[in-house]
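Asks: Sequence below, structure please.
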Amino acid sequence: MHRPSALVARGSLLIALTASVAACALMEAPTSPTPSRRVASPPSLPSIPVASDEVPTLRPVPSSGIDLIGAADALADLDSYRVAIVSRGLVPSSATDGRVTMTSTLVQGDVPAASFTMTGVDGVEGLADAPLRVIVIGDEAWLRSGSGRWTKSPGGAADFDAAITTLSPTELVSGFEALGPAFAKVGPETKNGRPATHYHVESTDPIAVEAGLTAGGIDVWLGRDAGELVGILADGSVDVDGTVTSVYLRIDVTHVNDPTNRVRPPA
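Replies: Numbering: from 1, shown residues only. From the prediction side, this is the model:
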């Protein structure tokens, strides 16, 4: 049985707030932490592209199953979007229920920007009970822990190159990459306000069993036109290094190319 190695991320997502906070690889392709959680080799996180006149290249969907990594990477072709993430069993957590959450708004273009809020991330001071908020605009960055004051990061955006690697859509879905061929098309649906195609896989599928899914199932919604990730809901058990681990992952991508997606410096 293959080992879904991307299911257990480690290392510090962020350095203690009193030092340098390592945060989001939302802006750059990340390097997966070790050990990674997925079956295959770690993918790159989509970069926020510089505006150009090039037309995005649509990624072909395999004749059987789906390409989860390509779907997550396709988010880099959007002008802007928002994403909400809830995970359990995938990322080390300091929360009592083992959950880690993140909400973010990303604006891509000449001056890429992102604002995000994280809770429950293990190894980050205060995150068990209070959220960490970060704003990145171009080369500048600000952070705020709980109800504290906003602080401008001395190193700017460079201080936030790595820590959200394990909470990026690409890294999280990569934990299920080997399950791609097992997904069966359910049909067209509207998901998060967008036309999408729904896919599903159960742990009873032989390919899913071989990939390490031992219980439960996974639902994925891909954009009907470009095939980008619209949503995923995984709830079940996976074999991680010979240990059955209960995992939960929900990702919802909303407000795609919405003009209200704005990121401003803190007041």
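
Asks: Would you state the helices of the stretch 1-150 of the chain in chain order?
Replies: In chain order, the stretch 1-150 of the chain shows helices spanning 68-73, with DSSP state H, counting those that start in this stretch as the criterion.

Asks: confidence score at the nearest residue to residue 95 once chain neighbours are set aside?
Replies: By the measure of C-beta to C-beta, 6 or more residues apart in numbering, the closest residue to residue 95 outside its immediate chain neighbours is residue 120, 3.6 Å from it. The way it works is simple: take the backbone N, C-alpha and C, and place the C-beta from them, glycine included. In the predicted model, residue 120 carries a pLDDT score of 82.

Asks: what bits of the stretch 51-200 of the chain have low per-residue confidence?
Replies: Low-confidence regions of the stretch 51-200 of the chain, defined by pLDDT under 70, span residues 51-64, 123-129, 161-166.

Asks: about what we covered before: can I assume the residue nearest to residue 95 is in contact with residue 100?
Replies: Yes. The pair residue 120 and residue 100 qualifies as a contact (C-beta atoms under 8 Å) at a distance of 4.4 Å.

Asks: Give the intersection of the neighbour lists for the two.
Replies: Taking C-beta atoms under 8 Å, 6 or more residues apart in numbering as the criterion, residue 120 and residue 100 both touch residue 93.

Asks: buried residues in the helix or strand that contains residue 208?
Replies: Per DSSP states H and E, residue 208 falls inside helix 206-211. Neighbour counts over helix 206-211 (16 or more other C-beta atoms under 10 Å) mark 207, 208, 211 as buried.

Asks: Quick one: residues in contact with the helix or strand following it.
Replies: On the C-terminal side of helix 206-211, the nearest following helix or strand under DSSP H and E is strand 213-223. If you take C-beta under 8 Å, 6+ apart as the criterion, strand 213-223 is touched by 61, 66, 68, 71, 74, 176, 179, 183, 186, 189, 191-192, 194-203, 205, 228-239, 244.

Asks: Need the nearest residue in space to the most centrally placed residue in the chain, chain neighbours excluded.
Replies: The central residue of the chain, meaning the one whose C-alpha is nearest the mean C-alpha position (C-alpha atoms, centre = their mean), is residue 169 at 2.1 Å. Spatially, and ignoring its direct neighbours in sequence, residue 169 is nearest to residue 72 (4.4 Å; C-beta to C-beta, 6+ apart).

Asks: Tell me how many other residues surround that neighbour.
Replies: Counted with other C-beta atoms under 10 Å, the burial measure for residue 72 works out to 25 neighbours.

Asks: which phi and psi does residue 173 have?
Replies: Listed backbone geometry of residue 173 is phi -70, psi -20, with angles given as degrees, to the nearest 10.

Asks: got it, and residue 262?
Replies: phi -130, psi 140.

Asks: Residue 91 contacts residue 102, doesn't it?
Replies: No. Between residue 91 and residue 102 there is no contact, the gap being 9.5 Å when judged by C-beta under 8 Å.
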